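In: heads up, no residue letters with this:
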């Protein structure tokens, strides 16, 4: 079929060809018409279930914030002192363009050197994505600090205005710890719904190349190693532009813009829904708590869970 690689297992023509080959070469079973396909109903069902789990994060978090134990985390955001005017435009362009070369750079040493599968980081692709996220996070932090100290501090901006500290008294580590605990409870319950779905119906949450699979014991141990690096930086927009640049020549009748980058493009598809979820979680919980911590911790755990559970392990324990 005339389609891209990740599209073939979501294509009636491709699946019909696979059925035809199996019926022609394998003994047993029951021959069926090639058009007699029902797999897409399963995809619709697991997609609806996935939407339900993602939507559950918000009322669940809101409920917990209303309990006596977590109630002190509720706080209106401090006065907004963010970029505006032409400065916002420059910041947006940097945010969009910065991840693209860094993504290519990270994949240039995939499975090599420090990115080679190891006991600590046993999944090659996950490790490559981790280095990408870390590099974007570190450079973004440097740019943020330069902007703050060279410009925004003149506007009397403090760490409280960015949701990093508290207006009533600087850093409050007890509240940061409670934010971490709240995030853990939210993700634990979300994962529990997936475990129940897998137990009752033998299905996870997924649509096309994006799937949320349950963490078994080995993958949970791996996730503990990856979760801290993934907590550095989440909200990235540049990957959308890269996908367009990568696949436009192919659909125009040629080849991929970077032919040797076929796998990195496929992996990147999954970040479209991942970072959409990340943006929603970050925004919602920042407005509820006035700080970045609850949203950041939820995103760190959620993204690590999704990526680690869905990738191959390349280290033999």
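Out: Perfect, thanks for sending it. What you see is a predicted model, and the numbers here were worked out from it, not measured in a lab.

In: middle-most residue in the protein, spatially?
Out: A centroid search over the chain (CA atoms, centre = their mean) returns residue 274, at 3.5 Å, as the residue closest to the centre.

In: what's the least confident helix or strand in this protein, going by average pLDDT?
Out: helix 238-251 (a mean of 60; mean pLDDT, DSSP states H and E).

In: which residues are contacting stretch 118-136?
Out: With contacts defined as CB atoms under 8 Å, 6 or more residues apart in numbering, stretch 118-136 is touched by 98-99, 102-103, 105-107, 109-111, 114-117, 222, 225-226, 229-230, 232-234, 236, 263, 267, 307-308, 311-315, 317. Every C-beta, even on glycine, is put in place using the N, C-alpha and C of the backbone.

In: what ranges do the helices span in the stretch 51-200 of the chain?
Out: When assigned using DSSP state H, counting those that start in this stretch, the helices of the stretch 51-200 of the chain occupy the ranges 85-97, 99-108, 124-150, 173-201.

In: Next, the buried residues of the shortest one.
Out: Buried residues in helix 99-108, counting neighbours by 16 or more other CB atoms under 10 Å, are found at 99, 100, 102, 103, 106, 107.

In: can you list the residues you listed in JSON lines and add pLDDT and distance to residue 175?
Out: Written out in JSON lines, the entries for the buried residues of helix 99-108 read as follows (pLDDT from 0 to 100; distance: CB to CB, whole Å):
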{"residue": "99", "pLDDT": "80", "distance to residue 175": "31"}
{"residue": "100", "pLDDT": "80", "distance to residue 175": "36"}
{"residue": "102", "pLDDT": "85", "distance to residue 175": "33"}
{"residue": "103", "pLDDT": "82", "distance to residue 175": "34"}
{"residue": "106", "pLDDT": "84", "distance to residue 175": "34"}
{"residue": "107", "pLDDT": "81", "distance to residue 175": "38"}
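
In: just curious, which of those is nearest to residue 174?
Out: Minimum distance to residue 174 across those is 34.4 Å, recorded for residue 99 (CB to CB).

In: gap between the closest one and residue 139?
Out: Taking CB to CB, to the nearest Å as the measure, residue 99 falls 10 Å from residue 139.

In: Between the two, which contacts overlap?
Out: Common contact partners of residue 99 and residue 139 (CB under 8 Å, 6+ apart): none.

In: re the thing from before, mind picking the one among the buried residues of helix 99-108 that's closest to residue 172?
Out: Among the buried residues of helix 99-108, residue 99 lies closest to residue 172 (CB to CB), at 32.1 Å.

In: State the distance from the closest one to residue 274.
Out: Applying CB to CB to residue 99 and residue 274 gives a distance of 13 Å.

In: from what I can see the residue nearest to the centre of the chain touches residue 306, true?
Out: Yes: look at residue 274 against residue 306 with CB atoms under 8 Å: they come within range, at 6.4 Å.

In: In terms of pLDDT, where does residue 196 sit?
Out: Residue 196 carries a pLDDT value of 96.

In: residue ranges with poor pLDDT in the stretch 151-300 of the chain?
Out: By pLDDT under 70, the low-scoring segments of the stretch 151-300 of the chain are 232-251, 256-264.

In: the strands in it, which residues?
Out: With DSSP state E, counting those that start in this stretch applied, the stretch 151-300 of the chain shows strands at 205-207, 210-212, listed in chain order.

In: closest one to residue 185 among the ones you listed?
Out: Distance to residue 185, taken as CB to CB, is lowest for strand 210-212 among these, at 18.1 Å.

In: Could you spell out the sheet neighbours of the closest one, each with its direction?
Out: Taking DSSP bridges as the criterion, strand 210-212 forms sheet pairs with strand 205-207 (antiparallel).

In: contacts for the strand it pairs with?
Out: Residues from elsewhere that reach strand 205-207, judged by CB under 8 Å, 6+ apart: 43, 46, 47, 49, 50, 53, 194, 197, 211, 212, 213.

In: That one: how far from the chain's middle?
Out: Taking the mean of its C-alpha atoms, strand 205-207 sits 14 Å from the chain's own mean (CA atoms, centre = their mean, to the nearest Å).

In: Now do the buried residues in that strand.
Out: Buried residues in strand 205-207, defined by neighbour count with 16+ other CB under 10 Å: 205, 206, 207.

In: same deal with stretch 185-202?
Out: If you call a residue buried by 16+ other CB under 10 Å, then stretch 185-202 has these buried ones: 186, 187, 190, 191, 194, 197.

In: can you check stretch 145-154 too?
Out: Within stretch 145-154, the residues that qualify as buried are 147, 148, 152, counting by 16+ other CB under 10 Å.

In: what distance separates the start and the end of that stretch?
Out: Across stretch 145-154, the straight-line distance between its terminal residues is 13 Å, by CA to CA, to the nearest Å.
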